[in-house]
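> Fold the following for me, if possible:
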Amino acid sequence: MDYSDPTKFMDVRQYMRPKEQLVAMGFPEGAAEATLAAHGGDVEAAANALAAAAPAAAPAAASLAAPPAPPPPDVDTKAPRPRNVLMAEFEGLSKADASQALRDAGGDLDRARAQTQKRRAAEDGGPPAKRARAASPAPAAPTGRQKRAAAPADHAPPQKRARSASPAPAAPRPVDAATSAYQLALRDAVNAALAAVAADGKDLFVGAARAALERVASLDEASRHVLARLLFVTGPWHPVQGSRASVESYAGGDATAVITTLTRAGALVPLTAESPLTDAAEALPALVGDEVKRVYMALKESAPDAWKAAKKRHKGSSKEVHVAVVRAVAAGLEDATALSFLVADERALVRVDRETETALLRALRFSERRVGLLGRPAPHTRRLQAVLQPPHLRSAEAQPPVGTPLFRTRRHFERTEGVAGLAHAAGIAAAIANGDAWGDDVLDLLVVYEKCDAPAALAAFQRPSSLDPASEALGVVVEEATVSRTLCAKPDEHAAVETLQKACAERKKACAALEKAEKGGDDAAAEAARDRKDAATEAVKEALVPVAAAARKVAEALAAACLGLLDQNAADANYVASLPSWLQGFDAGNRLAGAAWHGVGFLQKDKKYAEANEVLRALMKHGYRRAACHERLLINLKHLGLKDTVEWTQALADARRDCGKGTVALWKVEATAGDKKWRAPKEGKRIHKGAVARVGEVGSRLLFAVDDDDDDVVEVDAAGAPTNPRLELVESVAGRAAGKEGWSSWHDEGATLRTVAYLLLWDQARAPVADAFFAPFQAAPCDWGTLDFYERRKASMDARLAQVAAASPTALAALVREAFDAHYGEVGLVPWRGREAVARLQITAACFGGKAVAGIAMHLAVTGLRSGMPDNTMVRVTTPAGEHIKLENWPLADDAGATVRVAVAQTQLQHCVQGASGLEDGAALELRLEPNRRGPSHGPFKGLAFAVHDAATGDQCGYVQNADMDRVRAPSTSIVAGTAIRGDGGWLIEAPAPAPRHVVVPADWTYEGKVEEVKSKNDSLWAEQRMWIRACTETDYDIGYKNPYLFEDDGEGGLIGTVDISTTKVAERGGRKKGVAGGHVGMEVDPVVAED
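Numbers count the residues shown, from 1 in each chain. Down below sits the predicted model:
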């Protein structure tokens, strides 16, 4: 069928089931079902009967029953449907009987014609009574569903009577396509792809892909919104109506116009009775269970032998089993469209055109700078993640200017796209081989691996391209790099996967039985279920061994193949090396290097250090992962006994040259070299406690017993088990000990100080620097975390840091509040956790002081070293009277009478249109609280909405947006009054602001702040932690740049650190004793000791 002409597009109603057609006309569902049963399923007769009983619906019935207008004479008509052919050939044959005959024949028209003729002959040759019955056929016997619908409601069970009395489902909500996040995300991706060019000036998207993108770009917003919604849900086939994930639902009502527009543009394809078998088999999962079962039973009658053979291979009665059986049977039918007829007769289905779908998925992937598989549903873009997920962030809509091309040529771009499957497959195989995935996750990864199609990706990369003359001479075939499309292809490996599937299924059943027994309080059953679960877990572990072994073979083959392909990528690698560091992570070479890196790990596990070093040198030759390769190379040389040799000395010199000063890579290189001056400082405090349990590996996550009355006494029973402990981690133990000295402490790994720094440097970080941003809703600039971030913004950074360093505690708290209020809810590095978080941020900044905050902010900006910050953040405030103020007792500012203005949203909804249209500037409004399933998914307003009503009429005008709900006073117990304000973009409501959240910072208080790294007895500092401590405590430590804020004059001609940073050890005393918790119970508990 030609879908480019709307006159050739079938009426959508022909895809609808008979009952759905009648309900769509406005007839009650129960009456429609009963009338259909009485008329033998003839929808036209049922519509006429219902219309006679309800004259108001007669026009709708007539419009449905009337045949469609004939096409113009110059328009080619499509082939008639098989059902219509039967009705034309056999006089008096009803539509329902024709459809049933085709179902019985499995969609085969000739077979249905023969069966109908045979049935007619038998009826004509029968006895008079039988002929009389045939001449006046009785209505078809009602099905079980029809019997239940026709039965009196009082005879139904109470639950069913309640359901039948419930109101009909609400109509689809109107959609504002212009502001739809889905539509805007697709628009941004298409525009970015159409504007993308390579370094040689040629377009990256060409040919059919570009044509498809241009057609989508020319669509109206409503059609593009529906197309985007279809892309971001599981596909590929979608119902036209009848579910929340239908085209009708996404269109916000009648889908006919949207479907016509999309099919005319070649973006949407419907499933018809003439569709190929592959389409019908692919569309089966889009049917509901009963619909699939009817197709399943139809094939059982028409092809019993094939059905039985398929049923032997697929056991069970689930929808998935029915789909598998139907696909197996349909594949052997002579009529290639038989299954299409059966599926299309059940439900109207459409899908995004394959060529258009591929082009759009490529555009989405390119616009997000991601190298992943082109699967459905499409991964959420940054916009969708920010807008649709809490806390519902906003961003500037301006599209950043096109920056430096990421790819040398179009062939470079195509290779990068093609290698995605290869790199993804290598990562999956390595994850299974290394034990990073377990149980059901392994089974899921096996399916994803097959979708990667590694052999095709490998062949595509090796194939020379005429698009790039420089690549014509390439085409090196990698020796012994052949891999299969499935991860466990051999018979014994396939059997191992089946064993794993059974073991995982058994473990899932055991877990369900255990949960049921524990909920029921049956101790004996719970113990038996627990034993069953343990046995199933061991079975899963055993089944994983051969699967992991097979995965390792494939991972090693892929690693070797990718390493060989790097030679073919030399020209592209040279171009990538010329780009700034933050633009070098998106090409094919990086993906290949990542896959080859897995091979290094396997060689080191086998202690093949010399072979591992050859791979490392090959990676460094091409310029990939140089810092990590240097570290591994030195470690392997030590294992080979080559330390202090000429080779070692040269490797160490190369590493020191390539790794920048103050970087983690250089620290690790020097640590590997054994330089004694890189030792960690001694802890500042040691605390002795009684440990009662250990979580995780030795040396990490000790749980300590602390009595609820804060006396550090643990009561134990006769067996030595604690009876009244509160179990705490080492960080909490250290914090409680500091609390006795007036400190307020919390365990955040430096997150509060990082947030303060991000807020104060917000405007500098988001400055319009070249190649920093490539899409709206981008949280951080591309160069964030690199050594170039600070240098490219040096002037503005230095000015802001100087302002922060010179600020008093009161002024610094004001700066934090100003930045917080100005940028709250915007996409950025700050993790927004509610407006009440501003108080703790202000307190933290005031207590640490301007110089300490400026020093930490500069260190973050220059080095990008976010990890390794100390565990506990502590603040202490002392009033002139000597009183310590706790966080919860801090005085809040007085903002009585403050008001805010927020937008009135969703004014286009049906129940809001009348109220919104009658609004006048300055009119009195009311905020009312009401339940709303589309409200926030977390927080105090979870599942709620603030409805805006006209105070004079009571009509609803709209809602307060989810992102603005914490900006206005909540109408929790009473109605909140507001005022209507006409804005440029629509109506606003001016309403009272909520209770104040920011704090007062008196100038005469004493403020102190410090950070503390807490370790248990056997735990030690790792590289990034040592770097933070030394940077803040040692004036002669070379951090690679000059930070004027980390140290200040001590008044005696020396320097002292502005950041109070130290380590604390929480160690158990009295030796280790076995206990019921698998840890250490009944130990002696000592009080806190002072600094060593």
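> Touching the helix or strand containing L384 from outside, list them.
Here L384, judged by DSSP states H and E, is contained in helix 382-388. Outside helix 382-388, the residues that touch it by C-beta atoms under 8 Å, 6 or more residues apart in numbering are 181-182, 184-185, 188, 232, 368, 380, 392-395, 775-779, 827. Any C-beta I mention is one placed from the backbone N, CA and C, and that applies to glycine too.
> The residue nearest to K508 when sequence neighbours are not counted and G601, how far apart?
Nearest non-adjacent residue to K508, counting by C-beta to C-beta, 6 or more residues apart in numbering: D440, 7.6 Å away. In this view, D440 and G601 are 25 Å apart by C-beta to C-beta, to the nearest Å.
> same thing with V497?
For V497, the distance to G601 - C-beta to C-beta - is 24 Å.
> try P809
50 Å.
> How about L919?
When L919 is compared with G601 (using C-beta to C-beta), they lie 65 Å apart.
> Which one of those two is surrounded by more residues?
Ranked by neighbour count (other C-beta atoms under 10 Å), L919 and G601 place L919 first, with 21 against 16.
> Please identify which helix or strand holds that one.
Counting by DSSP H and E, L919 is found in no helix or strand.
> what about stretch 784-793, how long is it end to end?
Terminal residues of stretch 784-793 lie 11 Å apart, using C-alpha to C-alpha, to the nearest Å.
> Need the residues that contact it.
The contact list for stretch 784-793 (C-beta under 8 Å, 6+ apart) reads 580-582, 660, 663, 764-765, 767, 769, 772, 781, 783, 797, 829, 858, 861-864, 866, 1041.
> Among these, name the ones in helices.
764-765, 797, 858, 861-863 (DSSP state H).
> And Y1045, its phi and psi?
Backbone torsions of Y1045, given as degrees, to the nearest 10, read phi -110, psi -10.
> Please, which helix or strand holds the residue nearest to it when sequence neighbours are not counted?
Nearest non-adjacent residue to Y1045, counting by C-beta to C-beta, 6+ apart: G855, 3.6 Å away. Here G855 sits within helix 850-863, counting by DSSP H and E.
> Output the contacting helices and strands for that helix.
helix 751-760, helix 788-791, helix 794-806, helix 809-823 (3 or more C-beta pairs under 8 Å, 6 or more residues apart in numbering; DSSP states H and E).
> Please work out which of the ones you listed is packed deepest.
helix 751-760 (a mean of 22; mean count of other C-beta atoms under 10 Å).
> pLDDT on that helix, on average?
Mean pLDDT, helix 751-760: 96.
> helices or strands up against that helix?
helix 809-823, helix 837-848, helix 850-863.
> Can I get it as CSV, trimmed to CA atoms?
The C-alpha trace of helix 751-760 is given here as CSV (Å, rounded to 0.1, in the frame of the first residue of the first chain):
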residue,chain,number,x,y,z
ALA,A,751,29.1,16.6,49.5
THR,A,752,28.0,19.7,51.4
LEU,A,753,31.3,21.5,50.8
ARG,A,754,31.2,20.5,47.1
THR,A,755,27.7,21.9,46.8
VAL,A,756,28.7,25.2,48.4
ALA,A,757,31.6,25.4,46.0
TYR,A,758,29.3,24.6,43.0
LEU,A,759,26.8,27.2,44.0
LEU,A,760,29.4,30.0,44.5
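> What lies in contact with it?
Residues contacting helix 751-760 (C-beta under 8 Å, 6+ apart): 746, 765, 800, 804, 815-816, 819-820, 823, 828-831, 840-841, 844-845, 848, 853, 856-857, 860-861, 866, 869, 873, 1011.
> Wait, S249 touches V240, no?
No: S249 lies out of contact with V240 (C-beta atoms under 8 Å); the separation is 10.0 Å.
> on that earlier part again, among the ones in helices among the contacts of stretch 784-793, which one lies nearest to A363?
Nearest to A363 among the ones in helices among the contacts of stretch 784-793 is A765, at 27.9 Å by C-beta to C-beta.
> what about the nearest residue to the closest one once chain neighbours are set aside, distance to L558?
Leaving aside its sequence neighbours, A765 sits nearest to P781 (C-beta to C-beta, 6+ apart; 6.2 Å). In this view, P781 and L558 are 34 Å apart by C-beta to C-beta.
> quick one: which of the two has more around it?
Neighbour tally, P781 and L558, criterion other C-beta under 10 Å: the higher count belongs to L558, 28 against 21.
> who's in contact with the more buried one?
422, 425-426, 429, 454, 483, 595, 598.
> Next: S395.
Contacts of S395 by C-beta under 8 Å, 6+ apart are 383, 386, 776-778, 826-827.
> cool, and R120?
F90.
> ok, back up a step: what number of residues lie near the residue nearest to Y1045?
Around G855 there are 27 residues (other C-beta under 10 Å).
> What residues does it make contact with?
Neighbours of G855 in contact, by C-beta under 8 Å, 6+ apart: 805, 1032, 1043, 1045-1046, 1058-1059.
> Then G825?
By C-beta under 8 Å, 6+ apart, the contact list for G825 reads 391-394, 832, 963.
> what about D534, which SS state?
helix (DSSP: H, G, I helix; E, B strand; the rest coil).
> For L988, identify the helix or strand it belongs to.
Going by DSSP H and E, L988 is part of strand 986-992.
> what do you get for V1011?
Using DSSP H and E, V1011 falls in strand 1006-1016.
> residue ranges for the strands of the stretch 501-650 of the chain, please.
Shown for the stretch 501-650 of the chain, no strands are assigned by DSSP state E, counting those that start in this stretch.
> which outside residues touch stretch 294-301?
For stretch 294-301, contacts defined as C-beta under 8 Å, 6+ apart pick out 103-104, 106, 284, 287, 306-307, 322, 325-326, 329-330, 339, 342-343, 346.
> Low-confidence regions, the stretch 601-750 of the chain specifically.
Residue ranges of the stretch 601-750 of the chain with pLDDT under 70: 675-728.
> where do the helices sit along the stretch 201-350 of the chain?
207-217, 221-231, 247-251, 256-264, 277-283, 289-302, 304-313, 319-330, 338-346 (DSSP state H, counting those that start in this stretch).
> The stretch 451-600 of the chain now?
Remark: helices assigned in the stretch 451-600 of the chain by DSSP H, counting those that start in this stretch are 454-462, 491-520, 523-565, 570-577, 588-605.
> most tightly surrounded among the ones you listed?
Stretch with highest mean neighbour count among the helices of the stretch 451-600 of the chain: helix 588-605 (a mean of 23; mean count of other C-beta under 10 Å).
> how far off helix 523-565 does that helix point, in degrees?
If you take axes from the mean of the first three to the mean of the last three C-alpha atoms, to 10 degrees, helix 588-605 sits at 120 degrees to helix 523-565.
> what's the distance between helix 588-605 and the middle of its chain?
Centroid displacement of helix 588-605 relative to its chain, using C-alpha atoms, centre = their mean, to the nearest Å, is 26 Å.
> repeat for stretch 1008-1025
On C-alpha atoms, centre = their mean, the centre of stretch 1008-1025 falls 33 Å from the chain's centre.
> and what of stretch 763-775?
25 Å.
> can you check stretch 894-907 too?
With C-alpha atoms, centre = their mean, you get 32 Å for stretch 894-907.
> Using CSV, write out every CA atom in it.
Extracted C-alpha coordinates of stretch 894-907, given in CSV (Å, rounded to 0.1, in the frame of the first residue of the first chain):
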residue,chain,number,x,y,z
ASP,A,894,12.0,36.5,59.4
ASP,A,895,10.3,36.8,55.9
ALA,A,896,6.8,37.5,57.1
GLY,A,897,4.6,38.8,54.3
ALA,A,898,6.8,37.7,51.4
THR,A,899,5.1,36.6,48.2
VAL,A,900,6.2,34.8,45.1
ARG,A,901,4.9,34.5,41.5
VAL,A,902,4.6,31.2,39.8
ALA,A,903,3.1,30.1,36.5
VAL,A,904,-0.4,28.7,36.3
ALA,A,905,0.0,25.5,34.2
GLN,A,906,-2.4,23.0,32.5
THR,A,907,-4.9,25.7,31.6
